[in-house]
Structure formats: C-alpha cells, structure tokens
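# Fold the following, please.
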Amino acid sequence: MTDITIIGSGNMARGIGTRAVAAGRAVQILDRDETKAAALAAELGDQVASGAIQATPAGAIVVLALPFDAAKEVVTAYGAALAGKTIIDITNPVDFTTFDSLVVAPGTSAAEEIAALADQGANVVKAFNTTFAGTLVEGSVDGIPLDVFIASDSDEAKAAVSSFVSAAGLRPIDVGPLRRARELEGFQFVLMTLQADPAHDSFNWNTGLKVLV
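Purely as a prediction, here's the structure:
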C-alpha cells in the first residue's frame with residue numbers, strides 16, 4: 001500500500017522523496033514524463049513505485065512537487081480522485097520574470113487558490129515551501145534538523161503531515177489555519193531574494209529557516 005504520492009520528478013520531489021523513504025513510507029512518483037518518474041523512483045530505492053501523471057494517486061498524502069501553475073492544473077485535472085486525501089502544496093508563487101513580487105493577489109495565497117480548485121473532500125496543507133531541495137536530501141543544515149512549517153484548516157491533515165515530518169527526522173511546526181500560508185509564502189519570497197542577491201554572497205540555496213528556542 002502506498003503512503004505518499006509525489007507528483008513531479010524534479011529536485012523538490014527528490015528531496016521530499018528522500019525524506020519519505022527515510023521515514024519508512026511507501027512512495028509513488030508520478031510525472032508527465034513517465035521515464036523521469038521511473039528514474040527518480042529507481043534512485044530513491046526498489047520500494048518506490050512510479051507511473052504517469054494520468055494514474056490515480058495511490059497515497060493518502062499527495063505532494064504537489066510542482067510549480068504553482070502546474071499544481072493548479074494537476075489538482076483541477078484530478079478532480080474527485082483527490083477526495084479524502086491530504087494534499088501538500090509546497091509552492092512559492094514568485095514572479096520569476098522579475099523576481100520582485102508574488103503572482104497571487106493580496107489577501108490570498110497559492111495554497112488557498114489550490115484549495116479552492118481541489119475536490120471538497122480533499123484537505124490542503126501548506127508545508128515544505130520554506131525548505132530547499134538540497135537541504136531536504138540531507139535533512140539538516142550543519143547537523144540541525146530542518147523546521148517544516150505546516151498550515152491547514154484540517155487538524156487531521158496537519159496531524160498526518162506532522163507525523164510524516166517527524167518520522168523523516170525533521171521538526172514540524174503547526175502555524176495555524178491555511179491562511180497562514182500567506183505569511184509563509186511571503187517570508188520565503190524575501191529569503192529567496194536574499195539568496196539570489198550577489199550582495200549576500202554568504203547566503204546560498206543550502207540554507208534553511210530555523211526557530212531557536
């Protein structure tokens with residue numbers, strides 16, 4: 001039985017897939033390019049299944065390891081196939097043509113837009129948008145486990161994602177309802193602009209956000 005389906009086969013799919021395998025979860029990789037899905041599955045381990053994106057996601061948790069526009073298209077296309085599932089939105093809706101703004105309107109978020117498109121029986125969770133692919137493969141930065149900020153209107157869905165995150169060796173932090181995704185996406189946008197700015201040459205894509213207590 002599959003626990004987690006990851007849609008996509010890029011760097012974030014690899015990072016989250018690595019953590020899922022480390023957590024002992026059965027994983028399915030789906031992609032528009034079935035060859036890429038199979039290659040990532042083989043890289044992650046013999047226990048990882050793969051298939052074309054047209055296949056019905058088998059996992060109770062479905063990770064949208066896709067850009068924002070593609071995530072919206074996939075959720076719309078799957079429709080009722082996502083009923084009863086927990087959908088993890090990892091997107092950062094950055095305007096990559098200017099790298100100077102978000103593409104969602106004020107007062108909403110990518111996660112909320114995806115939730116509006118998803119089947120009413122699905123629960124959308126914002127998570128992993130503040131973690132980078134390379135750090136997920138390692139699971140830590142300088143030996144310190146990554147924090148994963150989690151937002152959703154469903155306590156059951158947050159608990160399922162938190163359990164996965166903990167089993168993966170990371171620290172889950174419940175930040176509240178899905179509307180908190182607005183702040184998570186905005187804050188990550190600021191961090192990304194700093195990392196892309198040559199003036200901050202000590203920053204790189206192997207950093208991570210951490211709450212110290």
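# where do the helices sit along this protein?
11-22, 34-44, 68-78, 110-117, 133-138, 155-167, 181-196 (DSSP state H).
# Next, the buried residues of the first one.
Judged by neighbour count using 16 or more other Cβ atoms under 10 Å, the buried positions of helix 11-22 are 12, 13, 14, 15, 16, 17, 18, 19, 20, 21. For glycine as for every other residue, the C-beta is placed from the backbone atoms N, C-alpha and C.
# For it, what is the distance to the chain centroid?
Distance, stretch centre to chain centre, for helix 11-22: 10 Å (Cα atoms, centre = their mean, to the nearest Å).
# quick one: contacts of that helix?
Contact with helix 11-22 is made by 3-4, 6-7, 27, 29, 31, 40, 43-45, 47-48, 63, 65, 90, 128, 131-137, 139, 164, 168-170, as judged by Cβ atoms under 8 Å, 6 or more residues apart in numbering.
# average pLDDT for that helix?
Averaged across helix 11-22, the pLDDT comes to 98.
# Need the nearest residue in space to the residue most central in space within the chain, chain neighbours excluded.
Among the residues of the chain, the one closest to the centroid is residue 90, at 3.0 Å (Cα atoms, centre = their mean). Distance criterion Cβ to Cβ, 6 or more residues apart in numbering; nearest residue to residue 90, sequence neighbours excluded, is residue 128 at 4.2 Å.
# And the pLDDT for that neighbour?
For residue 128, the model assigns a pLDDT of 98.
# what sits against residue 176?
Contacts of residue 176 (Cβ under 8 Å, 6+ apart): residue 151.
# what pairs with it across the strands?
residue 151 (DSSP bridges).
# for residue 144, same thing?
residue 141.
# before we move on, the earlier item: select only the buried ones of the contacts of helix 11-22 in ChimeraX?
Here is the ChimeraX command that selects the buried residues among the contacts of helix 11-22 (16+ other Cβ under 10 Å):
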select :3,4,6,7,27,29,31,40,44,48,63,65,90,128,131,132,133,134,135,136,139,164,168,170
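# burial count for residue 8?
27 (other Cβ atoms under 10 Å).
# I misspoke; the intended subject was residue 153.
15.
# And residue 80, by the same measure?
Neighbour number of residue 80 under other Cβ under 10 Å is 10.
# and it, how far is that from residue 86?
16 Å (Cβ to Cβ, to the nearest Å).
# what's the answer for residue 92, then?
20 Å.
# what do you get for residue 34?
For residue 34, the distance to residue 86 - Cβ to Cβ - is 24 Å.
# Between residue 92 and residue 86, which is the more surrounded one?
residue 86 (25 against 21).
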